[in-house]
Every structure is written in C-alpha cells, then in structure tokens.
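> would you be able to build a 3D model of this:
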Amino acid sequence: MPPSSAMHVDGPTIRTKLPGPNARRIIAEDQRLISPSYTRSYPMVAKRGHGAIVEDVDGNEFLDFSAGIAVTSTGHCHPEVVAAIQKQAAELLHMSGTDFYYPQLTELAARLSKIAPMPGPHRVHYGNSGAEAVEAALKLARYHTKRQYVIAFYGAFHGRTMGALSLTCSKAQQRRRFAPLVPGVVHVPYPNLYRRPAGSDAEQYARDTARHIEDWVFRTEVPPEECAAIVVEPFQGEGGYLPAPTVFLQELRRICDKHGILLVVDEVQSGMGRTGQWWAIEHSGVEPDIVCTAKGIASGMPLSAIITRASVMDWVPGSHASTFGGNPVAIAAAMATLDIIEREGLRNAREVGEHIMDRISEWPERLPLVGDVRGRGLMIGIEFVADKKTKAPSAEARDHVVDLAFERGVLVLGCGPNTLRLSPPLIVTKQQADIALDTIEECIKLVGAGNYKLPNWGE
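Reported below is the predicted structural model:
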C-alpha cells in the first residue's frame with residue numbers, strides 16, 4: 001500500500017493526545033472482548049503502515065523500531081510483498097500441503113536450502129509460527145535420536161505452546177499455572193558478557209559457560225547418551241538481546257558432535273537477515289543440524305519452517321504435520337520477502353546497524369542510565385542500570401523510556417529484565433535511525449534527570 005499524501009516517510013507526526021479518541025474507543029472494546037493474557041506496552045492502535053512508518057486510527061504517525069516484534073522485515077506493506085500476496089490470493093488460497101502437492105512448497109524449500117547455514121542436502125517442514133517451528137524441532141529431535149532429554153538455556157524464549165514453553169525460561173509468568181510441562185527439559189546458563197564475573201576473561205567465561213553442560217549436567221542429571229538436542233538462540237531475544245560469543249557456540253557444536261546430540265538453533269527472531277547475515281549463527285561459522293525460522297520470513301504473513309540436514313528428517317508419514325503450514329499465500333509473501341532481503345535488506349541491515357552502533361557506542365560512558373549496548377545488524381540492545389559500578393538493573397528506567405518514546409512517536413519495546421531493543425525493518429534508512437536515536441537519547445536524559453512526567457493513558 002503506497003503512503004497517502006499526508007503520510008510522512010521519514011519520521012513521526014503526532015496530531016492528537018495519545019491515545020486519541022478513536023484509539024480509546026477501540027481499546028475499551030478490546031478490554032471487553034479480547035483475552036487479557038496479551039501484553040501491551042502502550043496504547044498504540046494501528047490502522048495502516050508503509051515502510052518504517054505506522055499510522056494509528058487517529059492519524060498519528062509513528063516511526064516503528066519494533067517491526068511487529070522483528071516480523072515486518074521488509075517494512076510495512078512493501079509493494080512487492082503486497083503484489084505477490086494479491087496475485088496468489090486470486091489463484092489459490094489453500095490446499096493443505098500435508099495431504100496434497102503444490103509447487104510453492106518445493107520452490108520455497110529450494111530457496112531456503114540455498115541459504116541454510118549448514119551444507120545440504122536439506123529437508124524443510126512448514127508451520128505457521130515460531131512456536132510451531134520449535135515444537136516440530138523438539139519432536140523431530142526426539143524421533144530421530146530416540147532419546148528423551150533436551151537442554152535449553154536460562155533466558156530463552158522459544159514460544160508459548162506446551163513443548164516450546166517447556167524450553168522457554170524467560171519469565172516466570174509465562175510458565176505460571178501451566179505445569180506440568182513437557183518432561184525431560186534441563187536449563188543451563190547462557191553467557192552474558194556484560195554480567196560475567198568481575199575480572200574474568202570474556203572468552204574463557206564463554207567457554208566455561210558451555211562446558212557447564214559436560215562438567216555438571218552430564219555428570220549429575222542427564223546421561224549424555226540420552227540427550228537428544230541442545231536448543232539455543234545464537235542471539236538471545238527475550239532474554240535481553242544477547243549475542244552468543246563464537247567460542248560458546250563452537251563448544252556447543254563440539255559437545256554435540258562428541259555425544260551424538262543434535263544442535264538446534266532458534267533463529268525465529270534473529271534469522272532472515274536481521275543481524276546482517278541470513279542467520280545469526282553464521283557470524284560464528286558453526287553449522288547446526290536444525291534451524292527454526294519464522295517472524296521475518298514472510299513480512300507479516302503467518303509462516304514458519306524448520307530446515308534440517310536431510311538425514312535428520314527421517315520421520316515417516318503421519319509423524320507430524322500442519323494443516324495451514326506452508327500456505328500458498330504465505331509462501332508467496334516469503335518468496336518476495338527473500339528477494340527484497342537478498343537485494344537490499346542484508347546490506348542495509350549491516351550498514352544502518354553499524355551506523356546505529358557507532359552513534360550509541362558512547363552511551364554507556366556518557367549516559368548514567370545506560371550500562372551496555374550490544375548487537376549485530378539491526379538487532380540491538382540497550383541495557384539500563386541504576387548504578388554503573390554494581391550494574392544493578394533498572395527495569396523502571398527502561399520502561400519509562402519506552403513510554404516517553406511512544407509519546408514522541410517512536411515505537412520500541414523492552415526485552416529481558418532491563419533492556420530496550422531496537423529491531424526496525426531491514427529497509428530502515430540512516431535518517432530514520434537518527435530520528436529514532438535522537439528521540440531515545442532525549443528520553444533517556446529526561447528519565448536520568450527526573451525531569452519528566454509519566455503519561456497517564458487513562459486520562
């Protein structure tokens with residue numbers, strides 16, 4: 001959808017008090033009709049979008065540095081994606097690839113095979129969401145290895161369905177009152193270089209974190225010959241936007257090879273070019289056995305996939321399937337999305353990501369509330385602290401900055417206990433990045449000085 005003549009392409013324009021009258025009416029209906037389990041950070045009621053700009057139901061325009069939680073990889077309503085969806089919708093909406101054949105299934109699978117982070121041949125299984133991809137990977141790992149245990153990490157977010165939730169270890173609320181979860185899952189530490197023990201060497205710390213699996217878990221809790229998989233985010237998302245050190249991932253690969261364990265990487269948020277490579281794990285050179293992808297793969301259409309070494313996907317008909325997984329319209333969106341990312345998204349993610357990191361690299365030294373900045377490509381985290389020496393987390397400061405940024409027309413979200421994430425569309429411009437960073441810095445300074453009034457959305 002092209003922007004209207006009134007729509008600003010570069011930055012935000014706030015025309016009403018937030019939320020506006022139309023937004024208030026819809027929010028009231030939402031509170032009456034929609035599940036209260038949804039989390040909403042602020043009262044943004046979207047109507048339409050183009051590129052990195054989203055317009056709400058009252059005509060306010062926001063610069064979107066969340067991209068629908070890293071989903072709208074090519075921006076909102078990219079004309080090539082829209083055209084692909086429209087064309088396919090007029091030809092075939094659904095046929096269920098679990099019971100019938102259609103060419104789109106193999107066309108996208110061949111495309112994914114070309115960019116897979118491990119050598120082929122490959123096989124692909126389709127689903128609708130990141131959680132479904134993780135569920136499929138969990139089931140396949142147990143099926144293929146005939147083993148029951150799975151190792152995941154503290155801080156991990158893999159989804160909310162029961163199998164994915166059993167691997168998730170991000171927030172207690174996500175697991176509260178849903179026990180018993182799927183048995184056989186053991187959680188271990190994930191490296192956080194900013195919060196490593198004082199005086200410790202970063203590389204040795206990362207190596208030791210991985211070796212905890214062999215040194216403790218395999219000695220005390222899980223026989224290695226009964227472990228099916230290690231499931232890891234090479235760039236932890238909900239845990240606080242933490243890139244895994246290369247040596248950590250190399251050690252995981254070594255452990256898996258030594259004990260016949262599958263290395264499963266969850267690239268639901270970090271894949272599809274977000275870090276400047278097709279996959280975050282490519283920065284390490286480590287080759288996984290199974291890759292889970294979703295979110296940015298189809299620019300907002302529901303699609304997920306697991307890509308595996310062909311020898312791993314050895315389950316037989318009836319073992320696992322999805323009625324809607326690999327829907328023709330979603331695949332059409334994915335094919336257009338891959339074209340755009342390949343043509344410009346990867347390069348732009350690297351260039352604009354470097355531009356952002358260059359600008360914010362001094363923030364930990366210059367801004368008292370900022371303890372650390374980290375990231376790759378357009379997956380960047382800003383960690384907030386109450387005290388630089390103790391590194392005491394400040395969720396309150398982070399949340400206040402998020403709210404103040406929304407008031408000024410910039411959409412950002414938190415992750416982890418105290419980190420603000422930057423995950424704009426891969427087509428975002430340097431000019432838009434500068435607008436967002438100017439706004440965020442202003443908000444950080446206001447919160448740091450105590451010179452602000454928190455918005456009262458209920459007024």
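> could you use CA atoms for every contact and neighbour count after this?
Noted.
> can you pull the buried residues of the longest helix anywhere in the chain?
The longest helix of the chain (DSSP state H) is helix 430-449. Along helix 430-449, the positions that meet the burial threshold by neighbour count (16 or more other C-alpha atoms under 10 Å) are 430, 432-437, 439-441, 443-448.
> same question, stretch 78-95
Neighbour count says stretch 78-95 has 78-85, 88 buried, by 16+ other C-alpha under 10 Å.
> out of those, which is nearest to Val265?
Val265 lies nearest to Val81 out of the buried residues of stretch 78-95, by C-alpha to C-alpha, at 27.0 Å.
> so that closest one, which state does it fall into?
What DSSP: H, G, I helix; E, B strand; the rest coil gives for Val81 is helix.
> kindly report the same for Ala164.
At Ala164, secondary structure determined by three-state DSSP is helix.
> contact partners for it?
131-132, 134-135, 158 (C-alpha atoms under 8 Å, 6 or more residues apart in numbering).
> got a markdown table for these, with neighbour count and secondary structure too?
Compiled in a markdown table, the contacts of Ala164 are given as follows (neighbours: other C-alpha atoms under 10 Å; DSSP: H, G, I helix; E, B strand; the rest coil):
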| residue | neighbour count | secondary structure |
| --- | --- | --- |
| Ala131 | 25 | helix |
| Glu132 | 27 | helix |
| Val134 | 33 | helix |
| Glu135 | 25 | helix |
| His158 | 32 | coil |
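> show me which of those residues is closest to Glu287.
Using C-alpha to C-alpha as the measure, the one of these that approaches Glu287 most closely is Val134, at 17.8 Å.
> that closest one contacts Cys292, correct?
Yes: checked against C-alpha atoms under 8 Å, the pair Val134 and Cys292 is within contact range at 6.3 Å.
> okay, and the common contacts of the two?
With C-alpha under 8 Å, 6+ apart applied, the overlap between the contact sets of Val134 and Cys292 consists of 266, 306.
> pLDDT below threshold where in this protein?
Flagging of the chain using pLDDT under 70 yields the residue ranges 1-9, 459.
> care to break it down by domain?
Taking automatic domain parsing as the criterion, the chain consists of the domains 1-55, 82-340.
> now these in TSV, with distance to Lys391?
Output for the domains of the chain, formatted as TSV (distance: least, C-alpha to C-alpha, whole Å):
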stretch	distance to Lys391
domain 1-55	25
domain 82-340	8
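> in the stretch 101-250 of the chain, which spans are helices?
103-115, 130-145, 162-167, 172-175, 202-212, 218-220, 246-259 (DSSP state H, counting those that start in this stretch).
> the stretch 301-450 of the chain now?
In the stretch 301-450 of the chain, the segments counted as helices under DSSP H, counting those that start in this stretch are 328-340, 346-360, 363-366, 395-407, 430-449.
> okay if I get those helices as JSON lines plus distance to Pro12?
Formatted as JSON lines, the helices of the stretch 301-450 of the chain follow (distance: least, C-alpha to C-alpha, whole Å):
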{"stretch": "helix 328-340", "distance to Pro12": "25"}
{"stretch": "helix 346-360", "distance to Pro12": "18"}
{"stretch": "helix 363-366", "distance to Pro12": "23"}
{"stretch": "helix 395-407", "distance to Pro12": "10"}
{"stretch": "helix 430-449", "distance to Pro12": "9"}
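> who wins for proximity to Ala244 among these?
helix 346-360 (17.5 Å).
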